[in-house]
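> Give me a 3D structure for the following:
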Amino acid sequence: MKFYISSAFLNTSEIIEIAKAADDLGYDGIGIPDHVVNLETLTTPYPYTKDGQRRWQPFTDWPDPWVMVGALAQLTTRLRFVTTVYIPAMRNPYSAAKAIGTAAVLAHGRVELGIGVGWCQEEFALMGEQFTARGKRTDEIVELMRALWEPGWTEFDGEFYRTPRLEMQPTPPPIPIYVGGLSDIALRRAARHDGWIGDLIKTDRAIAAAGRLRELRLENGLPLEGFTILVPLTDAFNVADYRRAEKAGITGVLTMPWMFYAGPGATLAEKIDGMRRFRKNLAPDG
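Numbering: from 1, shown residues only. This next block holds a predicted model:
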């Protein structure tokens with residue numbers, strides 16, 4: 001079982017110190033969420049709470065994930081970086097591929113791209129991208145970005161994007177792609193790629209999703225070995241809970257260890273102390 005620290009809603013300067021501590025303490029990675037802006041008023045309901053309200057307060061930090069990865073990669077030696085999650089369909093695919101690929105080069109292959117199709121129609125509009133057909137565009141953007149990350153010349157002729165013969169440097173190391181979402185179409189998309197990355201979820205539901213993903217991998221003639229399932233489990237609190245999840249095929253957990261000890265108001269020192277205690281008490285030997 002791998003353990004990743006979630007950096008959601010943290011102050012940007014705290015993320016730097018927490019990443020350094022995570023690297024020193026033997027955590028496997030750090031999750032970096034993504035929004036470009038936080039609009040004051042939305043007509044689109046937030047899909048991950050019962051009342052449709054966002055989980056964060058106004059003026060919460062949302063640092064650019066690829067700038068953050070480029071910086072953190074220079075301060076760490078082994079920590080991996082995963083986006084939780086990045087929205088390709090909200091971006092120009094060439095600019096996105098350039099930023100992600102550059103970050104992967106700077107991190108010496110420690111980048112894992114977690115993606116989603118997006119939920120905020122107003123943010124798409126602000127970015128000048130269509131909200132409709134975003135699932136189809138996401139599929140095509142991923143295919144295009146993978147082509148752009150290959151060495152040599154690239155040509156691409158898709159439904160949405162047509163690319164004349166070109167090359168994009170630097171060529172990054174391999175970048176695994178994990179797909180978020182719980183719908184059947186999202187799980188099918190994840191099963192075609194390198195892994196699935198979940199939102200806050202109870203263990204039983206995550207185990208059910210893991211079973212469905214195994215079925216889909218086998219249907220597609222794809223191996224189960226090496227497929228990543230990375231989730232923030234809301235009801236796993238001890239070693240036995242994590243071993244149960246691992247036995248069911250969950251390969252990694254996103255966590256905020258300080259929540260177990262000091263709660264949401266933890267200072268930076270308390271956060272790092274919580275990470276140390278969690279590593280010792282709940283995640284021995286990784």
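> what about residue 244, neighbour count?
15 (other Cβ atoms under 10 Å). Every residue, glycine included, has its C-beta placed from N, CA and C.
> what's the helix or strand for it?
helix 239-247 (DSSP states H and E).
> quick one, phi/psi of residue 195?
phi 170, psi 180 (degrees, to the nearest 10).
> Apart from its neighbours in sequence, what residue is nearest residue 58?
Of all residues not flanking residue 58 in the chain, residue 38 sits nearest, at 6.5 Å (Cβ to Cβ, 6 or more residues apart in numbering).
> Spit out the contact partners of that neighbour.
Residue 38 is in contact with 54, 56, 58-60, 62, counting by Cβ atoms under 8 Å, 6 or more residues apart in numbering.
> ditto for residue 42
120, 122 are the contacts of residue 42 under Cβ under 8 Å, 6+ apart.
> Could you measure from it over to residue 52?
Residue 42 sits 9 Å away from residue 52, going by Cβ to Cβ, to the nearest Å.
> List of residues touching the strand or helix carrying residue 185?
Per DSSP H and E: residue 185 is located in helix 184-192. Around helix 184-192, the neighbours that count as contacts under Cβ under 8 Å, 6+ apart are 117, 135, 138-139, 178-181, 196-197, 209, 212-213, 216-217, 219-220, 222.
> biggest helix in this structure by residues?
helix 203-219 (DSSP state H).
> quick one on the thing from earlier: packing partners of the helix holding residue 244?
With contacts taken as 3 or more Cβ pairs under 8 Å, 6 or more residues apart in numbering; DSSP states H and E, helix 239-247 sits against helix 203-219.
> who's in contact with the helix it packs on?
If you take Cβ under 8 Å, 6+ apart as the criterion, helix 203-219 is touched by 182, 184, 187-188, 190-191, 196, 198, 201, 223-224, 227, 229, 231, 233, 235-236, 241, 244-245, 248-250.
> what's the following helix or strand after it?
That would be, after helix 203-219 and using DSSP H and E, strand 228-231.
> just to revisit the earlier point, can you say which of the contacts of residue 38 are buried?
Using 16 or more other Cβ atoms under 10 Å as the burial test, the contacts of residue 38 include 54, 62 as buried.
> would CSV of the contacts of residue 38 with distance to residue 143, pLDDT and secondary structure be doable?
Converted to CSV, the contacts of residue 38 look like this (distance: Cβ to Cβ, whole Å; pLDDT from 0 to 100; DSSP: H, G, I helix; E, B strand; the rest coil):
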residue, distance to residue 143, pLDDT, secondary structure
54, 31, 97, coil
56, 32, 97, coil
58, 37, 97, coil
59, 37, 98, coil
60, 33, 97, coil
62, 27, 97, coil
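> thinking again about what came up before, hey, C-alpha coordinates of the longest helix of the chain in CSV?
Output in CSV follows, covering the C-alpha atoms of helix 203-219 (Å, rounded to 0.1, in the frame of the first residue of the first chain):
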residue,chain,number,x,y,z
THR,A,203,-13.9,1.7,1.7
ASP,A,204,-16.7,-0.6,0.7
ARG,A,205,-17.6,1.7,-2.2
ALA,A,206,-13.9,1.9,-3.3
ILE,A,207,-13.6,-1.9,-3.1
ALA,A,208,-16.7,-2.2,-5.3
ALA,A,209,-15.2,0.2,-7.8
ALA,A,210,-11.9,-1.8,-7.7
GLY,A,211,-13.8,-4.9,-8.6
ARG,A,212,-15.6,-3.2,-11.5
LEU,A,213,-12.2,-1.9,-12.8
ARG,A,214,-10.7,-5.4,-12.7
GLU,A,215,-13.7,-6.6,-14.8
LEU,A,216,-13.2,-3.9,-17.3
ARG,A,217,-9.4,-4.4,-17.6
LEU,A,218,-10.0,-8.1,-18.3
GLU,A,219,-12.8,-7.3,-20.8
